[in-house]
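**Student:** Following is a predicted model, sequence given first.
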Amino acid sequence: MELAEFVVQAVLVEKRSVREVARSHGVSKTWLYELLARYKQGGEEALQKRSRRPRKSPTAISSDLEDEIVKLRKELQSFGVEAGPDTIHTHLKNAHAGAAPCSVSTIWRVLKKRGFVTPEPHKRPKSSYIRYEAALPNECWQMDMTHYELASGTQVEILNVIDDHSRLCVQSKALPVTTAADVVVTFYEAAAQYGFPQSVLSDNGAIFVASHRGDRGALATELATLGVVFKHSRVNHPQTCGKVERFHQTDKKFLDKNPPKTLEELQARLDVFTAYYNDVRPHRSKGRRTPRFAYDARVKASPKGKPIRDAGEFRIRTDKVDGYGKVTLRYAGELRHMSVGRAHARERVLLLVDDRDVRVYSQEGEFFGALQIDPTRNYQGHIS
């Protein structure tokens, strides 16, 4: 039995005075008189606890502003981009001449009230994370490839490159299958627009790193000739490239709102998203500034390493001769084809590369021949 019901019964049933009951139970006489009046009007149901929330609040926002918040939420969700209270707050501030009409917490309450937000357990506090961020734009570019399925069911790939400091997407390209040559071309396209970075960070995928094949790799060769430092994440540790990995998620969330059917449609959608992401979308990690603003706000870093002329010299490479008797070697960023002879088709061979001089041996150490690479040609002819 609740206290309110008990003290009312003490007065009405036990015929005790209001003063005595109030004093013995430590309650106000005024409150007890109010309870008696409510009981006479509505019975026991009238004694239930009532909300103490005021009927009106002088600081409550208008219904028009609530509708504007909900409209922004729906528009951002329909577009396929982040639509949280912080993002809505930034858009409201821009729409109201730089002065937000309400706080982020108010926007959250409106979204919760309208059924857009389901409260979840608190995550780890941001202070518990150890974060790294490059101090300057172009100090480090993160590069990674992700898989994507078109609406037609075709599997394709997306190669993304972002600036570590500003989160600016410097290149986003749709490809049927990403090759090492595609990585090099994409890097040069980004550099043509934004300048060469001081360093590049990638994972250990075969399109980026060729050390497991006994080769330097196309991207590493090009970066070395430019004096750009090439860094890699640890094996099975995607957190090192966390910024570009997170960008993949944001990218795909946008694409999934209207899945493209062809590779051309995918590239068009990537271009639309990149423009919005770089120049319109407020980025949480950059204090709700756009990546473009963060990129333009500081002086740009540039390569500091010592350029290595033809970074592919002094290489030892193992390879397998194809069915036509040829092997392929990358030199100065281009694939160079040379013939070992059909008699050695499908054999494993060892290539000793000293700048432009190439010597070919069998796995047992038999010398097959040598040649000097002509940088102006892709097909080098037969070794002799």
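**Tutor:** That came through fine.

**Student:** quick one: the helices in the protein?
**Tutor:** Assigned by DSSP state H, the helices in the chain fall at 3-12, 18-25, 29-42, 63-79, 85-95, 104-113, 180-194, 218-226, 242-257, 263-279, 291-296.

**Student:** Using PDB, write out every CA atom in the second one.
**Tutor:** When you say that, I think you mean helix 18-25. This file holds the C-alpha atoms of helix 18-25, laid out as PDB (Å, rounded to 0.1, in the frame of the first residue of the first chain):
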ATOM      1  CA  VAL A  18      -5.400  15.300   9.900                       C
ATOM      2  CA  ARG A  19      -2.900  17.000  12.300                       C
ATOM      3  CA  GLU A  20      -2.100  13.800  14.200                       C
ATOM      4  CA  VAL A  21      -1.700  11.600  11.100                       C
ATOM      5  CA  ALA A  22       0.500  14.200   9.300                       C
ATOM      6  CA  ARG A  23       2.700  14.500  12.400                       C
ATOM      7  CA  SER A  24       3.100  10.800  13.000                       C
ATOM      8  CA  HIS A  25       4.000  10.100   9.400                       C
END
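
**Student:** Can you give me the buried ones in it?
**Tutor:** 18, 21-22 (16 or more other Cβ atoms under 10 Å). Glycine gets a C-beta too; all of them are placed from N, C-alpha and C.

**Student:** I'd like the mean pLDDT over it, please.
**Tutor:** For helix 18-25, mean pLDDT is 86.

**Student:** same for that helix, what does it pack against?
**Tutor:** In this structure, helix 18-25 makes packing contacts with helix 3-12, helix 29-42, judged by 3 or more Cβ pairs under 8 Å, 6 or more residues apart in numbering; DSSP states H and E.

**Student:** just the ones you listed: most buried one?
**Tutor:** Burial of those is given as mean neighbour count (mean count of other Cβ atoms under 10 Å); helix 3-12 ranks first at a mean of 17.

**Student:** what's the angle from that helix to helix 18-25?
**Tutor:** With axes from the mean of the first three to the mean of the last three Cα atoms, to 10 degrees defining the directions, helix 3-12 sits at 140 degrees from helix 18-25.

**Student:** Run through who's touching helix 3-12.
**Tutor:** By Cβ atoms under 8 Å, 6 or more residues apart in numbering, the residues outside helix 3-12 that reach it are 16-18, 21-22, 25, 27, 32, 35-36, 39, 44, 47, 49.

**Student:** all strands of the stretch 101-250 of the chain, in order?
**Tutor:** For the stretch 101-250 of the chain, the strands defined by DSSP state E, counting those that start in this stretch occupy 141-149, 155-163, 169-175, 199-202, 229-232.

**Student:** Off-centre distance for the first one?
**Tutor:** The gap between the average C-alpha position of strand 141-149 and the chain average comes to 10 Å, counting by Cα atoms, centre = their mean, to the nearest Å.

**Student:** How about the last one?
**Tutor:** Strand 229-232 has its C-alpha centroid displaced from the chain centroid by 20 Å (Cα atoms, centre = their mean).

**Student:** Partner strands of that strand and their direction?
**Tutor:** Looking at strand 229-232 with DSSP bridges, its partner strands are strand 199-202 (parallel).

**Student:** residues near Gln380, how many?
**Tutor:** Neighbourhood size, Gln380 [other Cβ atoms under 10 Å]: 19.

**Student:** Give me the distance between the nearest residue to it once chain neighbours are set aside and Ala218.
**Tutor:** The shortest distance from Gln380 to any non-neighbouring residue, by Cβ to Cβ, 6 or more residues apart in numbering, is to Met338 (4.3 Å). According to Cβ to Cβ, to the nearest Å, Met338 stands 17 Å off from Ala218.

**Student:** More neighbours: which of those two?
**Tutor:** More crowded of Met338 and Ala218, by other Cβ under 10 Å: Ala218, with 25 against 20.

**Student:** So what's the residue count around the closest residue to the more buried one other than its chain neighbours?
**Tutor:** Excluding the flanking residues, the one nearest Ala218 by Cβ to Cβ, 6+ apart is Ala180, at 4.2 Å. Ala180 has 22 neighbouring residues, counting by other Cβ under 10 Å.

**Student:** quick one, what contacts Ala180?
**Tutor:** If you count contacts by Cβ under 8 Å, 6+ apart, Ala180 has them with 206-208, 210, 217-219, 330.

**Student:** Quick one, grab the pLDDT at it.
**Tutor:** So, for Ala180, pLDDT stands at 84.

**Student:** chain center to stretch 92-106: distance?
**Tutor:** How far stretch 92-106 lies from its chain's middle: 26 Å, per Cα atoms, centre = their mean.

**Student:** same thing with stretch 291-304?
**Tutor:** Distance, centroid of stretch 291-304 to centroid of chain: 19 Å (Cα atoms, centre = their mean).

**Student:** what's in contact with that stretch?
**Tutor:** 134, 136-139, 163, 165-169, 194-198, 226-229, 277-279, 281, 283, 286, 289.

**Student:** Could you tell me which of these count as buried?
**Tutor:** Neighbour-count burial (16+ other Cβ under 10 Å) is assigned, among those, to 134, 136-139, 163, 165-169, 194, 196-198, 226, 228, 277-278, 281, 283, 286, 289.

**Student:** hang on, the earlier thing: and the strands of the stretch 101-250 of the chain, which one's lowest on average pLDDT?
**Tutor:** strand 229-232 (a mean of 90).

**Student:** And the contacts of that one?
**Tutor:** So strand 229-232 is contacted by 140, 198-204, 208-209, 219-220, 223-224, 303-305 (Cβ under 8 Å, 6+ apart).

**Student:** go on, stretch 351-371?
**Tutor:** Under the contact criterion Cβ under 8 Å, 6+ apart, stretch 351-371 has outside partners 310, 312-319, 327, 329, 331, 338, 340-341, 344, 347-350, 372-373, 375, 380-384.

**Student:** List the buried residues for that stretch?
**Tutor:** Across stretch 351-371, burial judged by 16+ other Cβ under 10 Å covers 351, 353, 356, 358, 360, 368, 371.

**Student:** low-confidence ranges in the stretch 1-150 of the chain?
**Tutor:** Counting by pLDDT under 70, the stretch 1-150 of the chain contains low-confidence residues at 1, 119-123, 125-130.
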